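> next come a sequence and a model predicted from it.
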Amino acid sequence: MSKLSAQGQLSVKGRVTDSIGGPIANAAVTIIDEAGTGLFFGKTDEKGAFKCHLVTDSYKLSIKVTCLGFHQQTVPLGQLSDQPYTIVLKQTMAQLKEIIVKSDNSIKLSSDTLKYKVKAFRDQQDRVIADLINRLPGIQVDERGAISYNGKPIKTIYIDGDNLLDEKYGIATKTMPVGAVDQVEVIERDQPVKALNGFVTTNDISLNLKLSDSAKTVIFNTGHVGSGNKAYTAELNNIILKKGIKSMNTVKANNVGLDLLNENADIGVSFDNEVGLKTVQPYLSLESTSHPTVDDKYYLKNNDLAGGINTLFKPGADWGLRLNIYSLKLKRKYRESSLVNYFLPNTDTIGYEEIQNNIYRSEQWQFKGQVEKNSRSVYIRSTTRLDLPKWDRSGTTIQNDSALSQHQPSRYISLSNETSAVKGIGSNQVIQYNGLVQYYQMRESLNIHPGVQEAVVNNSLPYQMLEQQMLTKTVFIDQSFWLRSKLGRLVVSTSLGTSFEHNNLSSNLYKTSDDQRTTEVGNDFRNNTDLDHTNLHSKTSLMYVLPGGWIMAEADPSFHVVRYTSMEKGFVHENLYFLLNPLLEYRKKFALYNEFNLRYAQRTEFGQIQEIYPGTILVNYRQFSANNTPLPKNDVYSLMARYTYRKPIQVFFCNLSINYDHTSTNFINSYVVERGLTKTTAIDYRNRMNRFSINGNISKYLFFAGVNLAANGGWGLRNGYGFYNDEVRPFITYDANLAFTASKKLVKEVTLSMTGEISEFNNIQQTTQSENIRNETVAYRFKSEWRHSISDHLSYLINYHVNAYRQKLQKPVSNHFLDAEVRYRPSKCKCSFELQCVNLLNQHLYRQTNAYSNQLSVAEIPLRGRTFLLTCHFNL
């Protein structure tokens, strides 16, 4: 019904239904004039009714009705009709929300979730879920236990839909019994905040371990004890996986090279976090060992003890209370002999020989408490975290026949709170708050006896000891508010916020003379530097939702005030910056299996306090560092194109990505390298670097043959400038790698697996001489594994692999390893026995070639001897 008086007052009411007469609630009703301008905006109620009143002089009006899932309808208004309007909307032919594809009942695709049936891929020798995940088609696991799917890293692992461990998912994969899991589910575009569904995009990928029905009713108590020749291992796990509570509590210890620090590390990756916690790396070091490219069990001489309590209470469907407590006590022995050569333009090769013999001790605690409500209309999460790691590193070093001892203790504390809240304010709008507060402090010292670098610190006279002391303190606060709105297919997100970061770095270098007097080395080695960074930031994002994708344009305008002072040097600098930081992204899924992603981003990164201190710091016994530059500023321009193909019916996965980065900086690190000494100074210099890379991988599972095939490779190019011994010279670096994996069930009881990898590094430095300096290194790795289940109770495994290096200036290097394992499970017994034989060839020394842009080192690392370990695994 509509009534229009002479004064222009209009009253309209009516009802909106679907084609079968059912009411449509929350349909948008707009009164528009002849030009299409909206004069009134409203919505239908639960019964589909609407009513509006407005004042207008226009006589040519219409009612426009829109609703998600229905075609838009526009009805002209009659001037004198007293009847209410009935507007019928027709449904659109929308894409099905869930498409299920089955492949031999082993793999299913349901919307954006790929589901692997555990029973179809399980081997009799699998004990924990990590044993199985690495064999799943399309999934790769690296040496640290970090998982990737079709070339993209996994964010986190859920246990039956619940996030118990955040990024520390290595605990779950190496603890969860394989028999407790029914399916391993890969969730693409994982966005767990229900209230933000339809308002944000995500690139995150997660795994969900869907439990078997029996696992939800029992408590798992598992563990093992093992002993051998100077070797031991022990583990006890308590796992509760019930509906209202999930708990995973562990105690582990070993000295057989199983690195519990890696297992408790944050290996999960998130692409979409707006702001993350600040982390600090130690400034000082013993300049010890490079990490060998071989399994830890061959070289790591450790005594590790780790414990963890992880508990999630769910008092309601939407509420969760979580507590995570971790403790580590570590002791590691490292020994390495190395020959290091620097290839510098227009300079003779500089080299030195070095022997390192170090002991690392650490005690670490982490406490994390979280409260969360996750409903469709409200999201609240508050996480408080306390980190208390302590390291004590000590050792002896012999360089070019000169011996010294070192001691490097460090203490670190970090206390933080992250809070996020989301509230729906209608069907098409949400408001969001993000807040982060963090304080951290690190105290370090480095003691070297006898004193080193006499020419630099003691007028070329010998002295007894040198001690570098450092203290860094930081307060970081970030607060922001968001408003996100949906306008049909367009999603508009805007934010306004501020952040403040205060840093202080104080350091001094002390020397102790032969008569036991301790004095400062001098003012040039003293720092008391403050850096304050205030940032007023906003963000505007426009996302147009496509069927199976989106187009997004984003700008992050921000105003920065960076002020840094040095009390010792008597300077005050203040810099003002306005940045836009644009981003453009296009993502589209074609048909069911193809997806294309194109992304351009520009960002600016500012240097931290460790890059502006003016006083010289003894970083390690043979390197001094200082800065003579304005505030470091990196402008990075990135372009990425990625194509992904997956066909679950044939279990075929592949992807190809092309990346280009251009970096422009206002500084360059100048290195002055002499025999046994490196001086590093950051100086004012306009520097540009480019990086281009192509990466891809492909995997295929042949069900009829029981063969899993996978391959990945990449090629990269990087060019820029290096500043060594007062000369700036351009360099070009090429690197390439190719790897493959093949696994075949020869018969039902026997599986043969092979993995191979070849990688090449090639660096070219320009010189004023006729020939440029070239540094070429090729590395090979090959591994084969034979698994044979003789019966349901007896099985064995034989493992052989080789690592080899070929460098044009060195003789080829190869390292061979052979391992064996026998497992026996008695009938009617909740335990099994395992005899491990590691390094049967009794290799004593591992040789490795490491190549960098202008440096080549050949390292020799002693290995653990042949080890026999008898272990009993049990269920209580």
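The structure has been received and is ready for your questions. Numbers count the residues shown, from 1 in each chain.
> wait, a strand at residue 631?
No. Residue 631 is assigned coil when assessed by DSSP: H, G, I helix; E, B strand; the rest coil, not a strand.
> my guess is it meets residue 607, correct?
Yes. Here residue 631 lies in contact with residue 607, judged by C-beta atoms under 8 Å, at a distance of 5.8 Å. From N, CA and C alone the C-beta is placed, and that goes for glycine too.
> what pLDDT does residue 635 get?
For residue 635, the model assigns a pLDDT of 93.
> what of residue 347?
If you check residue 347, the pLDDT there is 65.
> for the one 10 residues further on, same thing?
Residue 357 carries a pLDDT score of 92 in this model.
> show me the beta-bridge partners of it.
When bridges are called by DSSP bridges, residue 357 pairs up with residue 335, residue 396.
> so it sits against residue 393, correct?
No. Residue 357 is beyond contact range of residue 393, at 12.0 Å (criterion: C-beta under 8 Å).
> neighbour count: these two, which is higher?
Set side by side, residue 357 and residue 393 give different neighbour counts by other C-beta atoms under 10 Å, the larger being at residue 393 (22 against 17).
> show me the contacts for the more buried one.
Neighbouring residues of residue 393 by C-beta atoms under 8 Å, 6 or more residues apart in numbering: 286, 288, 358-361, 406-410.
> which one of these is nearest residue 276?
Using C-beta to C-beta, residue 410 is the member of the contacts of residue 393 that sits closest to residue 276, with 22.3 Å.
> part of a strand, is the closest one?
Yes. Counting by three-state DSSP, one finds residue 410 located in a strand.
> quick one: pLDDT of it?
95.
> wait, it sits on residue 468?
No. Counting by C-beta under 8 Å, residue 410 stays clear of residue 468, with 11.7 Å between them.
> need the overlap of contacts for the two.
Both residue 410 and residue 468 are in contact with 284, 445, where contact means C-beta under 8 Å, 6+ apart.
> look at the two and report which has more neighbours.
A direct count of neighbours by other C-beta under 10 Å for residue 410 and residue 468 places residue 468 higher, at 25 against 19.
> where does that one land on pLDDT?
At residue 468, the pLDDT value in this model is 95.
> now do the helices in the stretch 151-300 of the chain.
170-173, 260-263, 296-299 (DSSP state H, counting those that start in this stretch).
> deepest-packed of those helices, please.
Highest mean neighbour count among the helices of the stretch 151-300 of the chain (mean count of other C-beta atoms under 10 Å): helix 170-173, with a mean of 23.
> that one - what's its average pLDDT?
Averaging pLDDT along helix 170-173 yields 88.
> now for it, which elements pack on it?
Judged by 3 or more C-beta pairs under 8 Å, 6 or more residues apart in numbering; DSSP states H and E, helix 170-173 is in contact with helix 129-133, strand 157-159, strand 245-254, helix 260-263.
> just say which of the ones you listed is most tucked in.
strand 157-159 (a mean of 24).
> please parse the chain into its domains.
Domain assignment for the chain by automatic domain parsing gives 2-88, 100-219, 362-836.
> rewinding a little: want to throw the helices of the stretch 151-300 of the chain into JSON lines with distance to residue 612?
Compiled in JSON lines, these are given as follows (distance: least, C-beta to C-beta, whole Å):
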{"stretch": "helix 170-173", "distance to residue 612": "36"}
{"stretch": "helix 260-263", "distance to residue 612": "31"}
{"stretch": "helix 296-299", "distance to residue 612": "37"}
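> compare those helices and give me the one nearest residue 318.
Nearest to residue 318 among the helices of the stretch 151-300 of the chain is helix 170-173 (23.0 Å), distances taken as C-beta to C-beta.
> phi, psi of residue 425?
Phi and psi for residue 425, reported as degrees, to the nearest 10, are phi -120, psi 50.
> ok, it - how many residues close by?
12.
> also residue 465?
19.
> which residue is the nearest non-sequential neighbour of it?
The shortest distance from residue 465 to any non-neighbouring residue, by C-beta to C-beta, 6 or more residues apart in numbering, is to residue 512 (4.1 Å).
> so that neighbour touches residue 463, yeah?
Yes. Between residue 512 and residue 463 there is a contact at 6.8 Å, judged by C-beta under 8 Å.
> got any residues that touch both of those two?
residue 451.
> can you tell me which residues contact residue 194?
374-376, 379.
> of those, which is the most crowded?
residue 379 (22 neighbours).
> quick one: pLDDT of the closest residue to it other than its chain neighbours?
Leaving out its chain neighbours, the residue that sits closest to residue 379 by C-beta to C-beta, 6+ apart is residue 422, at 3.9 Å. Residue 422 carries a pLDDT value of 94.
> hey, what's residue 422 bridged with?
According to DSSP bridges, the partner residues bridging residue 422 are residue 379, residue 432.
> thought it was touching residue 432?
Yes. In this structure, residue 422 is within contact of residue 432 by C-beta under 8 Å, at 4.7 Å.
> neighbour count for these two, which is higher?
residue 422 (25 against 22).
> distance of the more buried one from residue 497?
Counting by C-beta to C-beta, to the nearest Å, the gap from residue 422 to residue 497 is 15 Å.
> pLDDT weak spots in the stretch 501-650 of the chain?
Low-confidence segments of the stretch 501-650 of the chain (pLDDT under 70): 649.
> what's the spacing between the residue nearest to residue 379 and residue 428?
The spacing between residue 422 and residue 428, counted by C-beta to C-beta, is 14 Å.
> next up, the contacts around the residue nearest to residue 632 when sequence neighbours are not counted.
Sequence neighbours aside, residue 607 is the residue nearest to residue 632 in space, at 2.9 Å (criterion: C-beta to C-beta, 6+ apart). Residue 607 sits next to 631-634, 667 when contact means C-beta under 8 Å, 6+ apart.
> how about 10 Å then?
531, 562, 564, 627, 629-634, 665-667, 682 (C-beta atoms under 10 Å, 6 or more residues apart in numbering).
> look up phi and psi at it.
phi -70, psi 150.
> distance of it relative to residue 531?
Residue 607 is 9 Å from residue 531, by C-beta to C-beta.
> mind listing the residues bridging to residue 308?
Bridge pairing for residue 308 - DSSP bridges - gives residue 250, residue 326.
> check residue 302 too.
residue 332.
> state the helix or strand in which residue 690 lies.
Taking DSSP states H and E as the criterion, residue 690 maps to strand 677-702.
> that older thread, among the contacts of residue 607, who's most crowded?
residue 531 (25 neighbours).
> residues contacting the nearest residue in space to residue 319 that is not next to it in sequence?
Distance criterion C-beta to C-beta, 6+ apart; nearest residue to residue 319, sequence neighbours excluded, is residue 373 at 5.3 Å. Counting by C-beta under 10 Å, 6+ apart, residue 373 makes contact with 195, 316, 318-320, 379-382, 421-422.
> cool, and residue 619?
Shown in contact with residue 619 (C-beta under 10 Å, 6+ apart): 282-285, 287, 446, 468, 625, 678, 680.
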